[in-house]
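# pasting the sequence and the predicted model now:
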Amino acid sequence: MKDVRALVLTGFGLNCDWETAHILNLAGAQARRVHLNAIISGAQRLEDYHIFVIGGGFSWADEHGAGVILAMRLKHRLRDQILSFVDRGGLVLGICNGFQVLVNTGLLPGFQPGSWERQAALVTNDCGTFRDQWVHVVFNDQSPCVFTRGLEAMELPVRHGEGKFFAEPDVIERLEKNHQVVLRYATEDGHPAGGAFPANPNGSIHDIAGICDPTGRILGLMPHPEAFNHWTNHPDWTLEKERRRRAGEPLPEEGAGVLLFRNAVHFARTGEQFVA
């Protein structure tokens, strides 16, 4: 069985790296937290990994906008490494601040691979405040995204001040046509939120919570799947515990977020596109 190696980026205000490495390990990967400067200096190489994750946090304290400085650092210092990594079939995941970075670089939506043209943005929440809450999301079963295969719906936490997905109408239309909209904010019964707050916590157009590139191997999303690595992460875990006790059901060992990472690890291990 091929070992799947995952690089979790750290440094300059990024956080959630410990949780992200932990959930990748739960999913069967060998995860390593790597400082940005280690890649720039050549001490670590993206080509030695199968999965590259830019996690949540506030890189450079969101100076000049969320994810802007980190995006420029990647674009001007690691452009060739990243393009080579993607061309070889590597998987890229951007969570929250990482999603902001990916749209700022132009890796998402990625209509023209290698162009690094910015065509979308994640802007200030319509509510005008930072949101820290759990949301319901539904997944697009027609999406090419390898991270979300077989997933239908999930509850995940969000925590951001600039999470509203915005793009010009032609970009939105193309995303929808290509099924690159991977997940949307939804109501508890699984219907799209229709822009209604707080089911849609930021006012994202078309309730967009995450998108992928045309290959399905680059994913960005605002909710934090790494923060649901154990079932007790959920705020209603005590209620679920009692429900299961009364029903005579066993307690789960994992949170639902593990499923997304397990999909990534499985694809990296078996996908024909990746050249080890």
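Happy to help now that I have it. Predicted, not measured: the structure shown is a model, and the values here were computed from it. Numbers count the residues shown, from 1 in each chain.
# from residue 239, how far off is the residue lying farthest from the centre of the chain?
Each residue of the chain has a distance to the centre, and by Cα atoms, centre = their mean the biggest one is for residue 246: 35.4 Å. In this structure, residue 246 and residue 239 are 11 Å apart, going by Cβ to Cβ, to the nearest Å. Quick note: C-beta positions are derived from backbone N, CA and C, even for glycine.
# same question for residue 233.
Taken as Cβ to Cβ, the span from residue 233 to residue 239 is 14 Å.
# neighbour count winner among these two?
More neighbours surround residue 233 than the other of residue 233 and residue 239, with 19 against 10 (other Cβ atoms under 10 Å).
# how far away is the closest residue to that one other than its chain neighbours from residue 219?
Leaving aside its sequence neighbours, residue 233 sits nearest to residue 255 (Cβ to Cβ, 6 or more residues apart in numbering; 5.2 Å). Counting by Cβ to Cβ, the separation of residue 255 from residue 219 is 18 Å.
# name the helices or strands packed onto the top helix by length along the chain?
Looking across the chain with DSSP state H, the single longest helix is helix 258-270. Taking 3 or more Cβ pairs under 8 Å, 6 or more residues apart in numbering; DSSP states H and E as contact, the helices and strands that helix 258-270 lies on are helix 17-26, strand 51-54, strand 91-95.
# who's more crowded, residue 255 and residue 219?
Taking other Cβ under 10 Å, residue 255 and residue 219 do not tie; residue 219 has more neighbours (28 against 23).
# Three-state assignment for that one, please.
Three-state assignment for residue 219 (DSSP: H, G, I helix; E, B strand; the rest coil): strand.
# list the contacts for it?
91, 92, 93, 94, 145, 147, 148, 182, 210, 211, 212 (Cβ atoms under 8 Å, 6 or more residues apart in numbering).
# who's it bridged to?
residue 93, residue 212 (DSSP bridges).
# quick one: it and residue 181, what's the gap?
11 Å.
# overlap in contacts, these two.
Shared contacts of residue 219 and residue 181, counting by Cβ under 8 Å, 6+ apart, come down to 210, 211.
# let me see the ranges of the helices in the chain.
Using DSSP H, helices in the chain cover 17-26, 36-41, 68-77, 79-87, 97-105, 169-177, 237-247, 258-270.
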